[in-house]
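Undergrad: I'll drop the sequence and a predicted model, then ask my questions.
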Amino acid sequence: MFIKSIVLDGFKSYGQRTEVTGFDEQFNAITGLNGSGKSNILDAICFVLGITNLTHVRAASLQDLIFKSGQGGVNKATVSITFDNTNKSQCPPGFECYSEIVITRQVVMGGKNKYLMNGTNVPNKKVQDLFCSIQLNVNNPHFLIMQGKITKVLNMKPPEILAMVEEAAGTRMYEVKRQESQKM
Ligand code: ATP
Ligand code: MG
């Protein structure tokens, strides 16, 4: 799966519906002036992927993610990501018949939020399970290297870098299990 397009509507600085297209399958760069909304696009992706620590998307509450925190005439924030699902070797189990998967997350004033999968309301868990099944865990501490964190990574010691790579590759749990079994 890879991102084909993102629609932001009422999310952070994107008060009006904005569609971001033209993604490459493997590598993408977003350019623009300071404060033009580049990081907000990454925040929008994290929002749909189900980030739980809102400080990572620079918000104190879900309501903060709404354009002007709901004080600018917009009362909800919606982000939809369309994933290309034509490569069946990377397809989440049960989604083989879909060439596209659209995941939408919406937050309304007061902070209540909901998810939609291909336009149908679904419980949070169903979306979590989908991303989990393709090892896409936005809440893995090493999944994201956000703005300002590069220096921290550059200053890491080799064992910390190894742990980070293992965590991101999904092999860390085996190392932990190996260490536990050696203690027995
Ligand atoms: P830089 O190059 O400095 O990293 P950037 O392009 O990454 O900039 P962002 O951080 O994406 O910029 O956007 C910052 C802008 O988004 C700021 O002007 C900020 O006021 C605005 N912004 C953040 N949250 C909201 C919100 N809830 N409503 C309206 N605007 C918001
Ligand atoms: Mg930025």
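TA: Nice, I can see it. Ligands and ions are numbered 1, 2, ... in the order given.
Undergrad: contact partners for the most centrally placed residue in the chain?
TA: Central residue of the chain (Cα atoms, centre = their mean): residue 46, 2.6 Å from the mean position. Contacts of residue 46 were listed using Cβ atoms under 8 Å, 6 or more residues apart in numbering, and they are 56-57, 138, 144. Every C-beta, even on glycine, is put in place using the N, C-alpha and C of the backbone.
Undergrad: pretty sure it sits in a helix.
TA: Yes: with DSSP: H, G, I helix; E, B strand; the rest coil as the criterion, residue 46 is located in a helix.
Undergrad: OK, contacts around residue 137?
TA: 131, 143.
Undergrad: ramachandran coordinates for it?
TA: Backbone geometry at residue 137, expressed as degrees, to the nearest 10, gives phi -110, psi 100.
Undergrad: check residue 55 too.
TA: According to degrees, to the nearest 10, residue 55 has phi -60, psi -30.
Undergrad: of the contacts of residue 46, select the buried ones using a PyMOL command.
TA: Buried members of the contacts of residue 46, defined by 16 or more other Cβ atoms under 10 Å, are picked up in PyMOL with:
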select buried, resi 56+57+138+144
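Undergrad: which of the contacts of residue 46 sits closest to ligand 2?
TA: residue 57 (11.8 Å; Cβ to the ion).
Undergrad: out of the contacts of residue 46, the closest to ligand 1 would be?
TA: Distance to ligand 1 across those (Cβ to the nearest ligand atom) is lowest for residue 57, with 9.5 Å.
Undergrad: and the residue of this structure closest to ligand 2?
TA: For the chain, Cβ to the ion, closest residue to ligand 2: residue 39, 3.2 Å.
Undergrad: contacting residues for that residue?
TA: Taking Cβ under 8 Å, 6+ apart, we find residue 39 in contact with 58, 146-147.
Undergrad: tabulate these (JSON lines), appending secondary structure.
TA: Formatted as JSON lines, the contacts of residue 39 follow (three-state DSSP):
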{"residue": "58", "secondary structure": "coil"}
{"residue": "146", "secondary structure": "coil"}
{"residue": "147", "secondary structure": "coil"}
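Undergrad: for the chain, which residues are neighbours of ligand 1?
TA: 12-13, 32, 34-40, 64, 67-69, 147 (Cβ under 6 Å from any ligand atom).
Undergrad: mind picking the two most distant members of these?
TA: Taking Cβ to Cβ as the measure, those span a maximum distance of 22.7 Å, between 32 and 69.
Undergrad: so those two - more neighbours on which side?
TA: residue 69 (16 against 9; other Cβ atoms under 10 Å).
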